[in-house]
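**Q** Output the structure for:
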Amino acid sequence: MPTRVTAAVAHRDETELGVETVTLRDPGERDVVVEIDATAFCYSDWIAVRGDTGLPGLVPDPYPVVLGHSAVARVVERGAASRLEVGQRVIVTATPECGECFWCRSGRVDQCEKLFVPAPVIGMLDDGREVRAPGASATYAERSVIRDIQVFPVHSDLPDAWLAMFGCGIISGMGAVVNVARVEAGSSVVVVGCGQEGLWMIQAARILGARHIVAVDPLAERRELALRVGATAVADPGGVPSAEGDECVRDVVLAATGGRGADFGFDAGGSVESVQQAFALTRLGGVVTITSYVTRDTTVSLPLFDLALRGRDLRSSQSGRLDMTRDLAQFLPWLESGAVDVDALLGPVRPLAAINDALAASRDRTEITPILTP
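**A** Take a look at the predicted model:
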């Protein structure tokens, strides 16, 4: 019997999501059907709602789509060849780990060849139109049919709302610090952008023993959160002192680093400007880690002289260069022990019917991580 579920559907040229009924397709041999317990709303999904899914051009117009790519769920049905079992509690993420392609076998799971593929069809609307899933996960729904290479068992009693953040913000932010930049004890760090990714970066840098952590964000409340979770100094990126007395961002970074700039710079601001600022605030010979995604065709200009001759090591961080088995083992204990402040990043928990409130809060940057419970 066909499975009919409630899902939040994005349509072309509509800036709000429609809460509609979707009839799911049957799972394939390596698919699972999961029941979503909680899912985190990501700012990148606002980009898709406004009209750019970031797909590599293989599907000219994938809309209507169901978004969402970070959730905790339970397996309720499995394909004949799936490695998962019905009843397992699992983490859902957008990055697959096929284990068979060149990149997976080379230790670069974050670039698995199954990642940027045409958005798969997950079901059908009542009017007969196919519904696709950019990121192939579609967690803004009561249930979703997903490749089992994007679903990972989790053995933890942590709350659903906490684990809902693991497949995106936690893995991307902490992974950028631990797996990509490899921040060292006693070092200096600058994080440009204090949304969920940037705040997880700050916490990971603190745990690794960074001596100076400068957080840069235009919103005063986010700078306050950055101090709460481990930043040693904060600054407004505007370049001039703000009303509450923050110093110029460059002055703050130079004062904390003996005039050199940060050993490790992180872009988490979601803009071309945040990439450029993270680069500019990192010292000669330092490591700059880029995570921002604007649209598929966005380009960024950086000084060639500095790139070629001044020794900065520029690194990209797709989902924190995750290896989910490894990263569950290294990051879950930080959550379970209280080493990181999860509640500081946790937004209100809403039912799926209120997803447009979560979208507005993410778009307007009034909440860090809205959570939905389909």
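
**Q** contacts and neighbour counts: CA atoms only from here.
**A** Noted.

**Q** Domains in the protein, by residue range?
**A** 3-165+342-373, 173-318 (automatic domain parsing).

**Q** Turn those domains into TSV, including mean neighbour count, distance to residue 336 and mean pLDDT.
**A** Shown next, in TSV, are the domains of the chain (neighbours: other Cα atoms under 10 Å; distance: least, Cα to Cα, whole Å; pLDDT from 0 to 100):
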stretch	mean neighbour count	distance to residue 336	mean pLDDT
domain 3-165+342-373	20	7	93
domain 173-318	20	14	91
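
**Q** for the ones you listed, which one sits closest to residue 324?
**A** With Cα to Cα as the measure, domain 3-165+342-373 is the member of the domains of the chain nearest residue 324 (7.3 Å).

**Q** how long is the closest one from one end to the other?
**A** 19 Å (Cα to Cα, to the nearest Å).

**Q** again with stretch 365-374
**A** From its first residue to its last, stretch 365-374 covers 22 Å (Cα to Cα).

**Q** Kindly report the same for stretch 80-100.
**A** End-to-end distance for stretch 80-100: 19 Å, by Cα to Cα.

**Q** Now do it: everything it contacts.
**A** With Cα atoms under 8 Å, 6 or more residues apart in numbering as the test, stretch 80-100 has contacts from 28-32, 69-78, 104-105, 109-110, 112, 114-115, 135-137, 148-155, 163-164, 166-168, 319, 323.

**Q** for stretch 314-330, same thing?
**A** Contacts for stretch 314-330 (Cα under 8 Å, 6+ apart): 95, 97, 108-111, 152, 154, 168, 171-177, 179-181, 287-291.

**Q** all strands for the stretch 251-374 of the chain, in order.
**A** 262-267, 282-290, 313-316, 346-351, 369-373 (DSSP state E, counting those that start in this stretch).

**Q** partners of the longest one, with directions?
**A** This means strand 282-290. strand 262-267 (parallel), strand 313-316 (parallel) (DSSP bridges).

**Q** coming back round to it: export the domains of the chain as CSV, with columns for distance to residue 330.
**A** Output for the domains of the chain, formatted as CSV (distance: least, Cα to Cα, whole Å):
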stretch, distance to residue 330
domain 3-165+342-373, 13
domain 173-318, 10
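
**Q** nearest to residue 24, of the strands paired with strand 282-290?
**A** Going by Cα to Cα, the one of the strands paired with strand 282-290 nearest residue 24 is strand 313-316, 35.1 Å.
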